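below is the structure, and that's it, no one-letter string:
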């Protein structure tokens, strides 16, 4: 039963709890015990909410036994990312030393939605400092490893959440994504990460209600199955008037979308988005996965993406745009007695401190000109999707990178001899944060030394159903779940 329960899908757990085949108390106790044994090696969780989780499990069990109406996630454990994710009375550090004792008083909207649907929070998961890079490591908690290779990074910034589900330490997890932070760790950890259309999942921020606009920032699921991501979407995706970018409800049945046929759909494939150098093992793994779409009745064509900018220019733009988000956080934090620009600046990770410097040096014109460069990505992506239903690419240009020992793991200096920006430049995800299209990372395969390689599936604006349908079809044709059971053997 041990491995079976560890890797059981959230959908199955919810069904078995509802039918009284499993007890919420039994399930939560099992995962808490497993976290105590397995988490030290992976470093997915930074805070485990044992007492609260057990209390919620007892209440969930009482609700089942009394015949109350149950939510779609009733009794199902989940992991939450320790960044922009608030629960009253729970530490919210963002992986930053100056915030190590900050305790939230508010509840983030998507946390309220998930817990309102019956999910039980097991704990908070690791992130790089304020989510500023595509790896998970910080001075406060250290690096998170992909469970498939302890010592290789889980990716970021939702690395702890992705590692938690891949290691069987939670069936469901939540991440946020400002440049690929759901898709990057999903790729590194052999999980499924889904970034919905911009505005599909409300992202309520204050004091600036418009904070998530530049670049587009998202919340979303990281799971082991596409169905579980769709199940979480059914809870998280809805209109919220407190988010000025929130899309209207459209009656989408996300779970039903995972059962749709993709016969007749047109899949575009780009090996490099037209601008990236890609490691050979990544390129070959993704290319070898393409026949799966044809086996399900879709067509696949290789296409040329005509982005009139270099990957170095685009990654520099991402750093500038995120620098403004980080600078805003720094100014708002002064009200909490945390001065990231002065008193506490020497406690910051150097690569994060650099983003604050970038933000301070920017002019209003710098910000406005960046939107024109962003448009040079937007149009070529839409050009392809005018003709094709989805666009697939590698998620990353390289396999998971080795952890550093100094709290500042970064991406590669170069790929195929081409210089890369080390925070995000090696990730083929952040251009889609410029466009707002729905996008997922799905396991395409594994290298010879068992490192996961992700494939990015990008859909038309607001067409979440097709991305989920294509993802689920690929999962049926190229299932990867046996890799979790193989992983289990390495822990024993």
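Okay, I see it. The shown structure was predicted, so the numbers you read here are calculated from the model rather than taken from an experiment. Residues are numbered from 1 along each chain as shown.

residue 383 belongs to a strand, doesn't it?
No: applying DSSP: H, G, I helix; E, B strand; the rest coil, one finds residue 383 to be helix, outside a strand.

you'd agree it is up against residue 308?
No: in this structure residue 383 lies outside contact range of residue 308 using C-beta atoms under 8 Å: 12.0 Å. All C-beta atoms are positioned from the backbone trio N, CA, C, and that covers glycine.

got the contact list for the residue nearest to residue 199 when sequence neighbours are not counted?
Distance criterion C-beta to C-beta, 6 or more residues apart in numbering; nearest residue to residue 199, sequence neighbours excluded, is residue 247 at 4.0 Å. Residue 247 makes contact with 197, 199, 200, 239, 462, according to C-beta atoms under 8 Å, 6 or more residues apart in numbering.

switch to 7 Å and redo it
197, 199, 200, 239 (C-beta atoms under 7 Å, 6 or more residues apart in numbering).

spatially, what comes nearest to residue 90 if we skip its sequence neighbours?
Going by C-beta to C-beta, 6+ apart, residue 90 has residue 104 as its nearest residue, at 5.8 Å.

from residue 169, how far out is that neighbour?
Using C-beta to C-beta, to the nearest Å, residue 104 is found at 22 Å from residue 169.

residue 385 too?
From residue 385 to residue 169 the distance is 36 Å (C-beta to C-beta).

higher neighbour count, the two?
Neighbour count, other C-beta atoms under 10 Å: between residue 385 and residue 169, residue 169 has more, with 28 against 20.

surely that one touches residue 35?
Yes: between residue 169 and residue 35 there is a contact under C-beta atoms under 7 Å: 5.2 Å.

what do these two both touch?
Counting by C-beta under 7 Å, 6+ apart, residue 169 and residue 35 have no shared contacts at all.

quick check, residue 176 in a strand?
Yes: checked against three-state DSSP, residue 176 lies within a strand.

burial of it, as a residue count?
Neighbours around residue 176, by other C-beta under 10 Å: 25.

OK, contacts around the one residue sitting closest to the centre of the chain?
When C-alpha atoms, centre = their mean is applied to the chain, the residue found nearest the centroid is residue 182 (1.5 Å). Applying C-beta under 7 Å, 6+ apart to residue 182 gives the contacts 158, 175, 193, 194, 195, 220, 222.

of all the residues you listed, which two lie farthest apart?
158 and 194 (11.6 Å; C-beta to C-beta).

the two: who's more crowded?
residue 158 (40 against 33).

and the more buried one, its phi and psi?
phi -90, psi 40 (degrees, to the nearest 10).

how close does the residue nearest to it when sequence neighbours are not counted sit to residue 441?
Using C-beta to C-beta, 6+ apart and skipping the chain neighbours, the partner closest in space to residue 158 is residue 175 (3.0 Å). Distance, residue 175 to residue 441, by C-beta to C-beta: 11 Å.

now the common contact residues for these two.
Applying C-beta under 7 Å, 6+ apart, one finds that residue 175 and residue 441 are jointly contacted by residue 193.

by contact count, what packs against the helix or strand harbouring residue 379?
In the assignment (DSSP states H and E), residue 379 maps to helix 364-387. Applying 3 or more C-beta pairs under 7 Å, 6 or more residues apart in numbering; DSSP states H and E, one finds that helix 364-387 makes contact with helix 311-333, helix 431-435.

and the residue nearest to residue 367 when sequence neighbours are not counted, how many neighbours?
Excluding the flanking residues, the one nearest residue 367 by C-beta to C-beta, 6+ apart is residue 324, at 6.5 Å. By other C-beta under 10 Å, the residues close to residue 324 number 19.

give the contact list for residue 324.
214, 359, 362, 367.

among the residues you listed, which ones are in strands?
The members of the contacts of residue 324 all map outside strands under DSSP state E.

let me know the closest of those to residue 455.
Of the contacts of residue 324, the one sitting nearest to residue 455 (C-beta to C-beta) turns out to be residue 214, at 27.5 Å.

wait, residue 271 sits on residue 283?
Yes: with contacts counted by C-beta under 7 Å, residue 271 reaches residue 283, the gap being 5.7 Å.

ranges for the helices of the stretch 201-350 of the chain?
Using DSSP state H, counting those that start in this stretch, the helices of the stretch 201-350 of the chain run over 226-236, 254-257, 280-289, 291-295, 311-333, 350-361.

return the most buried member of those helices.
Mean neighbour count (mean count of other C-beta atoms under 10 Å) peaks for helix 226-236 among the helices of the stretch 201-350 of the chain, with a mean of 25.

what lies in contact with that helix?
By C-beta under 7 Å, 6+ apart, the list of residues contacting helix 226-236 from outside reads 9-11, 72-73, 110, 113-114, 117, 171-172, 192, 194, 196, 201, 219, 221, 223, 254-255, 257-258, 468, 471-472, 475.

let's see which of the residues you listed end up in strands.
Those of the contacts of helix 226-236 lying in strands (DSSP E): 172, 192, 194, 219, 221, 223.

if I look at the closest residue to residue 344 other than its chain neighbours, how far off is residue 343?
Distance criterion C-beta to C-beta, 6+ apart; nearest residue to residue 344, sequence neighbours excluded, is residue 98 at 4.0 Å. Distance of residue 98 to residue 343, given as C-beta to C-beta: 9 Å.

one more: residue 429?
34 Å.

compare those two and say which one has the larger neighbour count.
Neighbour count, other C-beta under 10 Å: between residue 429 and residue 343, residue 429 has more, with 29 against 12.

what's the closest non-adjacent residue to residue 314?
residue 431 (6.3 Å).

residue contacts, that neighbour?
Under the criterion of C-beta under 7 Å, 6+ apart, the neighbours of residue 431 are 273, 314, 377.

so who does the last one touch?
To tie it back to what came earlier, the one meant is residue 377. So residue 377 contacts 307, 314, 431, 434, 435 (C-beta under 7 Å, 6+ apart).

and the contacts of residue 324 as CSV, adding distance to residue 21?
Below are the contacts of residue 324 laid out as CSV (distance: C-beta to C-beta, whole Å):
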residue, distance to residue 21
214, 48
359, 53
362, 56
367, 55
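
pLDDT-wise, what's the bottom of the residues you listed?
Looking at these by pLDDT, the weakest one is residue 367, with 89.

please report how far the nearest residue to residue 108 once chain neighbours are set aside lies from residue 178.
Once flanking residues are discounted, residue 108 sits nearest to residue 86: 4.6 Å by C-beta to C-beta, 6+ apart. Look at residue 86 and residue 178: by C-beta to C-beta, they are 17 Å apart.
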